[in-house]
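> got a sequence here, can you model it:
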Amino acid sequence: MGLILESRSCMLEIDDEKEAIMGIIYACMSADNTVSKQEYDEMVHLLSRKQLYAHTDLRVIFNKIKTLHQSIGYNAFKLIELAADKVSENLRLMVYANAMEIFLLDKTFHANEKQLADYLQKALHIDNKWAKKIQEVSTVKSMG
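A predicted model of the protein is given here:
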């Protein structure tokens with residue numbers, strides 16, 4: 001069972017894989033301490049194409065993740081820590097690739113994003129070879 005946080009008399013935690021994946025993407029979006037409309041729209045686009053999110057109201061999960069993030073002091077590293085173990089092994093590379101897309105929306109891989117990407121790589125147990133390939137492909141895709 002993951003860490004449970006109490007906020008305004010309700011218990012907050014990452015309950016399932018849907019919340020975990022969105023939590024990780026949200027953590028990456030907030031790496032620069034702000035979530036832009038472009039980042040939000042890209043997250044919705046990325047997740048709504050996945051079978052896992054079919055018939056899911058993304059806004060409900062998003063609001064829960066936002067509240068959880070606030071309750072842990074807006075700590076993106078902690079949010080990844082709470083979520084990573086709930087992501088199944090077969091989806092970890094996809095989640096990492098989606099995170100890279102979010103980081104590179106502004107065409108730049110900032111230092112704080114690099115730190116968070118390194119942390120995410122370790123949390124998802126992605127080896128260096130795969131992480132480097134994903135980063136390279138994401139960088140090329142962001143040039144277009």
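> what does the helix or strand hosting N63 contact?
In this structure, N63 sits in helix 58-71 according to DSSP states H and E. Contact partners of helix 58-71, identified using CB atoms under 8 Å, 6 or more residues apart in numbering, comprise 5-7, 12-14, 18-19, 22-23, 26-27, 30, 40, 43-44, 47-48, 75-76, 79, 82. Backbone N, C-alpha and C define where each C-beta goes, glycine included.
> so, low pLDDT: which residues of this structure?
For the chain, the stretches flagged by pLDDT under 70 are 1-11.
> in it, which spans are helices?
Applying DSSP state H to the chain gives helices spanning 17-29, 37-48, 58-71, 76-84, 92-103, 111-123, 128-142.
> winner for burial among the ones you listed?
helix 17-29 (a mean of 24; mean count of other CB atoms under 10 Å).
> list the contacts of that helix.
For helix 17-29, the external contacting residues (CB under 8 Å, 6+ apart) are 14, 35-36, 39-40, 43, 46-47, 52-53, 56, 58, 61-62, 64-66, 68-69, 76-77, 79-80, 82-88, 91, 95, 98-99, 102-103, 113, 116-117, 120.
> could you rerun that using 7 Å?
With contact meaning CB atoms under 7 Å, 6 or more residues apart in numbering, helix 17-29 is reached by 14, 35, 39, 43, 47, 52-53, 56, 61-62, 64-65, 69, 76, 79-80, 82-84, 86-88, 95, 98-99, 102-103, 116, 120.
> contacting residues around the residue nearest to A84 when sequence neighbours are not counted?
Sequence neighbours aside, A123 is the residue nearest to A84 in space, at 3.7 Å (criterion: CB to CB, 6 or more residues apart in numbering). Taking CB under 7 Å, 6+ apart, we find A123 in contact with 80-81, 84.
> turn those residues into TSV, columns for distance to E136.
Output for the contacts of A123, formatted as TSV (distance: CB to CB, whole Å):
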residue	distance to E136
I80	22
E81	26
A84	23
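> show me which of those is closest to T108.
Of all the contacts of A123, I80 has the smallest distance to T108: 20.7 Å, by CB to CB.
> look up how far K129 lies from the closest one.
Per CB to CB, to the nearest Å, I80 is found 21 Å from K129.
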